[in-house]
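Q: I need the structure of the sequence given here:
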Amino acid sequence: MEIAHVEILISNFLLHPSPPAASQRRNSSAILYIGRPFIDMDEVMRPPALDELGLPLNRGDNEPVSGEMMQRFAAGDFSGFNLPQPSSFPNAAEAKRRRGRERSTEALSSWNKLRQILERYEEVTRRRWMKKTKTQRTAIVLKAWPNMSPTHRPDYEAMRKENPATVRSGGTKFREAYMWPAINVEDLVKGKALLLLLNSRGRNTPQMFAHADFDAMRGSLGTYGRLVSWDDDEEAMMKAFNGLGFLPGQGLMILENQQKLLSFLLACCYSILRGMEPSSMVNEAPTKPEPPPLSDSGEYPTLAPIAAEAPYRLPARLDFNRLKALVNAKRSSVEDHIRGLREDPGYFADVLGDWSEHRQEKLPDTNRRRHPVLDEPLFWERVIGNVVKDAYGGLVVWDIISEQLTELAALQAKYSNAITPEKTLPPEYLKALLKFRYTLDQSKKGPIVQLKTGLPASPYYRSSFVREPHVPGSSMIQLQSKTKPDQLMWLFNNLWTDSKLDLLSLPGLMDEIEHHIQSDPKEKAKISLWVARIFGELGLITRIRHELDIYQPWASGFDSGYAEYRDEVEKDFPRRFASLAEIKTSFQGLSVAKFGSPADGRFYYPSDKRPTKVTTQSMRKAEADLDLFWEKIDTHYRRKIGKSLDQVVQHIFTEERGPLERTAEWIEPIKEKKKKSTAQPSTAQPDLDLEYHLTSLRLGSEEPSKFVPPQSKLKPKTRGSAQDNTDAIEETAPIQAFDDEQPVFRLKNRAFKVFKALFYNPNQSDLPGEIPWADFLFAMAATGFAPEKLYGSVWQFTPSALDVERSIQFHEPHPVGKIPFQNARRIGRRLSRLDSQVVASIF
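A: Okay, here's the model as predicted:
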């Protein structure tokens, strides 16, 4: 098989001893900007600010660039520009070519042998590896790679031990940790990580991983490892500028990375297939079909292991439709959240309570004094503002993201024949990608700020911080840490520290936080449900942004594209987000704490209690108080902008918003004799047939109740004002028939108990208890909703056997893995709104 090569471009600018002419400055600036990865440990070094020539601004005392400095720079001495000396950057072009040839030849030789071994013995390799103990696996990987990093994400551990400034000036003691963060003993001996790595690297050419290995590489199979002078290729500069070509420092590091990695994998194969001669592995045995893909060993797919396995798999392709499904489910959950805030006083009070518990006014100051506004009307004004603007603002943001994904999917299809790795993207498509990228970059700022202010004030971390004394007339709050941050807080601190975030990358940092939380129950207990929800929202934004980052080779040219279309991209943002600005600015001057504060039990809502005259009166009072609060909000907005808050986002709602469900006045029940049922339960089937057991749950009724569809005549709820329900009081009313037939499910007792609680019938003798989250997942999966764990507490349920157009998201209870009965009824109400026909068919 012919050995392939990749082009590594040599910048003429690097070979000239003096600055370029004015006509060349634009190109020179771009060259040096792209050339930042000359720094060996680019992941741990913040790139310097550049001037109009693309040279670092922090050059000592900002002395001008002299001819002597440029001569030293061209000779490979970067000290004059505060850049470290690369460990593998030869002084002459011929040395670069020689080094590139050596590394590419060895890397491709190892890959060719690995490929041939897997074509013959991959199934045997899998069986043998899975039979080995953790100790035996550790011995194999350490034999192939002595002194391998022992723990997960060794680069993060190195960052905690080293000062980035020290790394810039004198190098690092943890070079391997930064160069190969995924190559560590902890991850490789666990599960199927090594097998995934063998399959992806052995079955696919090295060039397919170049961008993943170093964020910037693209080559052709015919020239893997060959250096090309700009004098020999007129398009070389633009290739480097747009990510279709690469500078020597980048290319040599990629080759070094792949050379060692492929040699390691080949050595692992030799050890696993112990007893076979290396020569016989590729010459004597016939090739076999590739074994089936390695599946996830978990019961349900979760984002944490998917992210953990990503470095060992082939980089995924950009799928706008998949991303849109995630975003639409999120947008729908925000719609449900808004309806819950307006409809359910208990939910409204819970949300206010969560936000209030993460305000920094909760912290004592350095003199152990409480904040003067804590629990005062001004405090609740701030909390209410947070809740309202977060809910309606979030709906606007996720709708815009969904809209842009729709546009991108259409453009991707429109230009499908023109999108090839050898060409730059069509301008229309590129600008749409850049606008979407800018939207995500702006949208992530809100959740990051919320975590920055809310995490230190959260119940677990509150004892680790104090406030500086309050300054009268100021709303600013400054915090001081009382203790050294633990590892989890250190990870979070990097989110709102720009210099660290640039070094660690947002996707990597989010994955590491998620891994840290899910790996240790004690660490998970530190995270409140409010923090988990905000983290989940940021996680979804991050995941979408990461999909753009790995859209290679074109993603490497996004920065240069942004520089070219910057004005157009930035002007598009305020146009799209005009309604968000309207919501936030119009809220100013609103004073509703008198009506919205949950003090004195204003929103006490015993919806989880058996209906009585007392509980009914309490619920009606709470509903009236909540309606009054929202009327004050809407009146304020009508006075400001001529329409209510709901009307501002009316065009965004994806479902028809009917009247809010309200509790009817109490009517004393009339006792009736129970009718004998003629139905005979089957004794042949151990499963429970919900259609038989839940005939009293009239899920197809035209008049749904507060939390569940209308029940028997004892249910004191109706829509709007009290009505005569004479036509709907039959205790065993038949389920309404629909033309759109759905599958019928026969569920086991475990799932039946879950739905019995979700759609609770007040006439039942016993009140359901808490629902284990594992049982809820089981029940949803049994009725055709495939569960998938996202970031934080978010789970998405995608219909796989039902005629439902959209997915639905729920939050896992935290820290205890059980759903309170009151929350279970809220979940039931959301499910019934998802598609009443589908829900009816389940029963």
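Q: for the chain, what are the low-confidence residue spans?
A: 1-97, 163-171, 214-249, 296-304, 655-656, 671-744, 762-767, 801-805, 834-843 (pLDDT under 70).
Q: Mind doing that once more with 50?
A: The chain contains residues with pLDDT under 50 at 1-48, 50-57, 59-62, 90, 216-230, 232, 681-739, 837, 843.
Q: Could you pull out the strands in it for me?
A: Taking DSSP state E as the criterion, the chain carries its strands at 5-10, 222-229, 465-467, 479-481, 661-663, 688-689, 717-719, 746-747, 771-772, 785-789, 794-799, 808-811, 818-819.
Q: so how far is the last one off the chain centroid?
A: Average the C-alpha atoms of strand 818-819, do the same for its chain, and the two points are 24 Å apart (C-alpha atoms, centre = their mean, to the nearest Å).
Q: any residues touching that strand, and which ones?
A: 770-773, 776, 813, 827 (C-beta atoms under 8 Å, 6 or more residues apart in numbering). Glycine gets a C-beta too; all of them are placed from N, C-alpha and C.
Q: Out of those, flag the one nearest to Ile583.
A: Ile583 has its nearest neighbour among the contacts of strand 818-819 in Ile827, at 27.8 Å by C-beta to C-beta.
Q: ok now do that closest one, which residues does it touch?
A: Contact analysis of Ile827 by C-beta under 8 Å, 6+ apart lists 758, 776, 810, 819.
Q: number of nearby residues for the first one?
A: In this case it means Leu758. 26 (other C-beta atoms under 10 Å).
Q: next one: the second one
A: Per other C-beta under 10 Å, the neighbour tally for Phe776 reads 26.
Q: Same check on the last one?
A: If you count neighbours by other C-beta under 10 Å, Ile819 ends up with 24.
Q: returning to what we had before: Val327: which of the contacts of strand 818-819 is nearest?
A: Ile827 (21.3 Å).
Q: measure Pro772 to Phe745 for me?
A: Pro772 is 20 Å from Phe745, where distance means C-beta to C-beta, to the nearest Å.
Q: no no, Ile513
A: Distance, Ile513 to Phe745, using C-beta to C-beta: 37 Å.
Q: farthest-separated two in the contacts of Ile827?
A: Leu758 and Phe810 (11.1 Å).
Q: Verify the contact between Glu547 and Leu326 for me.
A: No. Judged on C-beta atoms under 8 Å, Glu547 makes no contact with Leu326 at a distance of 10.3 Å.
Q: Who has more neighbours out of these two?
A: Here Glu547 and Leu326 are compared on neighbour count by other C-beta under 10 Å; more neighbours surround Leu326, at 22 against 19.
Q: Now the more buried one: closest residue in space that isn't a chain neighbour?
A: Excluding the flanking residues, the one nearest Leu326 by C-beta to C-beta, 6 or more residues apart in numbering is Leu540, at 6.4 Å.
Q: And for Arg115?
A: In space, Arg115 is closest to Gly202, 5.1 Å off (C-beta to C-beta, 6+ apart).
Q: And for that neighbour, the neighbour number?
A: Number of residues near Gly202 (other C-beta under 10 Å) recorded here: 23.
Q: if I look at the residue nearest to Ala555 when sequence neighbours are not counted, how far off is Gly385?
A: Counting by C-beta to C-beta, 6+ apart, Ala555 lies nearest to Asp549, which is 5.5 Å off, once chain neighbours are set aside. From Asp549 across to Gly385, the span is 34 Å (C-beta to C-beta).
Q: same question, Leu777
A: 36 Å.
Q: Then Gln442?
A: For Gln442, the distance to Gly385 - C-beta to C-beta - is 20 Å.
Q: between those two, which one's more packed in?
A: Gly385 (18 against 13).
Q: List the residues that contact that one.
A: 587, 590.
Q: run the last query once more with 7 Å
A: Counting by C-beta atoms under 7 Å, 6 or more residues apart in numbering, Gly385 touches Phe587.
Q: Which parts of the stretch 701-843 of the chain are helices?
A: Taking DSSP state H, counting those that start in this stretch to define them, one finds helices in the stretch 701-843 of the chain at 749-758, 773-782, 821-834, 836-842.
Q: right, so of those, which gets closest to Phe595?
A: The nearest among the helices of the stretch 701-843 of the chain, by C-beta to C-beta, is helix 821-834 at 23.0 Å.
Q: most neighbours, which of the contacts of strand 818-819?
A: Phe776 (26 neighbours).
Q: how much space between it and Ile670?
A: 36 Å.
Q: And Val282, by the same measure?
A: Look at Val282 and Ile670: by C-beta to C-beta, they are 86 Å apart.
Q: Kindly report the same for Ile534.
A: Taken as C-beta to C-beta, the span from Ile534 to Ile670 is 49 Å.
Q: Ok, Val397 next?
A: In terms of C-beta to C-beta, Val397 sits 51 Å off from Ile670.
Q: Could you check which of the two has the larger neighbour count?
A: Under the criterion of other C-beta under 10 Å, the comparison of Val397 against Ile670 puts Val397 first, with 23 against 8.
Q: ok, the nearest residue to the more buried one once chain neighbours are set aside - how many residues close by?
A: Ranked by C-beta to C-beta, 6+ apart and with sequence neighbours excluded, the top spatial neighbour of Val397 is Ser443, at 5.4 Å. Around Ser443 there are 21 other residues, counting by other C-beta under 10 Å.
Q: Ser443 contacts Thr542, doesn't it?
A: No. Ser443 is not in contact with Thr542 according to C-beta atoms under 7 Å; the separation is 10.3 Å.
Q: Okay, buried residues for stretch 258-277 please.
A: Neighbour counts over stretch 258-277 (16 or more other C-beta atoms under 10 Å) mark 258-270, 272-273, 276 as buried.
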